[in-house]
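>>> Just to be clear, the model below is a prediction. Sequence and coordinates:
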Amino acid sequence: MNEFPWDALRGGMLLGLSAALLLVMNGRIAGISGILSGLLKPQKGEFGWRVTFIIGMVVASLIAPMLGFELPLDLPVASIPMVVLAGLLVGIGTKFGNGCTSGHGICGMGRLSKRSIIATCVFMGSAIVTTFIRLHL
């Protein structure tokens, strides 16, 4: 890596800003699994902001290239069964962990939540071990 990853820095800053704004303006945590599960079991006054948040994520990925950001299009493609298995494992982990990496890793750690710090360490440790096994064993 010869250059500083400016796009990653800007993206991280936007994630932090959006999470902070959602917390300050709505009193809500920007955990994607919680936002999605709230759409599946909607409560009064909760549906609109959740739909807006998800639509914003999708629209941002469509607008980003128009603003000069390059999206990684040369990613390796896994088989459909592997993608389904990975999705199920992530869903199970999210359920057991009471949240996902965005909720714990971005919002929880920003609030200095001990539970979120531990959960994020477990997420990252699992990712490191999994990547090592996949690439080196």
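Received the coordinates, thanks.
>>> Got the phi and psi for the most centrally placed residue in the chain?
Compute the mean C-alpha point of the chain, and by Cα atoms, centre = their mean the closest residue is Ser102, 4.1 Å away. With angles defined as degrees, to the nearest 10, Ser102 sits at phi -70, psi -40.
>>> Can you list the residue ranges for strands in the protein?
Counting by DSSP state E, one finds no strands in the chain.
>>> all helices for it, in order.
6-26, 32-40, 47-63, 80-96, 101, 109-110, 114-136 (DSSP state H).
>>> Quick check: which of the ones you listed is buried the most?
When you average the neighbours per residue for each of the helices of the chain (mean count of other Cβ atoms under 10 Å), helix 101 leads with a mean of 21. Using the backbone N, CA and C atoms, a C-beta is placed for each residue, glycine as well.
>>> Lowest average confidence across helices and strands of this protein, where is it?
Confidence across the helices and strands of the chain bottoms out at helix 101, with a mean of 81, counting by mean pLDDT, DSSP states H and E.
>>> contacts for that one?
Thr120, Phe123 (Cβ atoms under 8 Å, 6 or more residues apart in numbering).
>>> Could you do stretch 56-68 as well?
Leu71.
>>> Export only the CA atoms of that stretch, formatted as CSV.
Extracted C-alpha coordinates of stretch 56-68, given in CSV (Å, rounded to 0.1, in the frame of the first residue of the first chain):
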residue,chain,number,x,y,z
GLY,A,56,-30.3,5.7,2.1
MET,A,57,-27.8,3.0,2.3
VAL,A,58,-28.9,1.6,-1.1
VAL,A,59,-29.1,5.0,-2.8
ALA,A,60,-25.7,6.0,-1.4
SER,A,61,-24.1,3.1,-3.2
LEU,A,62,-25.7,4.2,-6.5
ILE,A,63,-24.7,7.9,-6.0
ALA,A,64,-21.1,7.3,-4.8
PRO,A,65,-19.7,6.5,-8.3
MET,A,66,-21.3,9.7,-9.6
LEU,A,67,-19.4,11.7,-7.0
GLY,A,68,-16.1,10.1,-8.0
